[in-house]
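In: Need the 3D shape of this:
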Amino acid sequence: QLQLVESGGALVQPGGSLILSCTASENSYTIGWFRQAPGKGRLWVSTIANSDGFTTYADSVKGRFTISRDSAKNTVYLQMSSLKPEDSAVYYCAASIFPDPGPRDYEYDYWGQGTQVTVSS
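Out: Have a look, this model is predicted:
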């Protein structure tokens, strides 16, 4: 059973930056980030493919967020900059057994516990 552990969530001011980490118990899955704000559904943010490192982003974060991975550490990072109050949410990382999953949460098989990001002055 794959285990995922997120970290890095914090309270940050608008316009600020934050780096989230997702550490996996093994390193053979495509990893995605999702977020869920209070009272809203879980939305896809970004994915990095295990096979070739190809990255994709939701339009709402494109140009502000960067996903990357350090295979030696079994860790995927989500660098977030120019943060806005609407980025506030619990952020989850998820792993898919498929090499090219889409933005739907049911395409991911394993989930972390989430980390809270709050953007507020």
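In: Tell me which residues touch residue 121, please.
Out: The neighbours of residue 121, taking Cβ atoms under 8 Å, 6 or more residues apart in numbering as the test, are 13-14. Heads up, the C-betas are built off the backbone N, CA and C, glycines and all.
In: Could you report the pLDDT at it?
Out: The model reports residue 121 with a pLDDT of 95.
In: any idea how far it lies from residue 60?
Out: Remark: distance between residue 121 and residue 60 (Cβ to Cβ, to the nearest Å) = 20 Å.
In: Residue 28 - that's part of a strand, no?
Out: No. According to DSSP: H, G, I helix; E, B strand; the rest coil, the state of residue 28 is coil, so it is not within a strand.
In: Not counting its neighbours along the chain, what's nearest it?
Out: Sequence neighbours aside, residue 50 is the residue nearest to residue 28 in space, at 6.2 Å (criterion: Cβ to Cβ, 6 or more residues apart in numbering).
In: What of residue 101?
Out: Here the residue nearest residue 101, using Cβ to Cβ, 6+ apart, is residue 107, at 3.9 Å.
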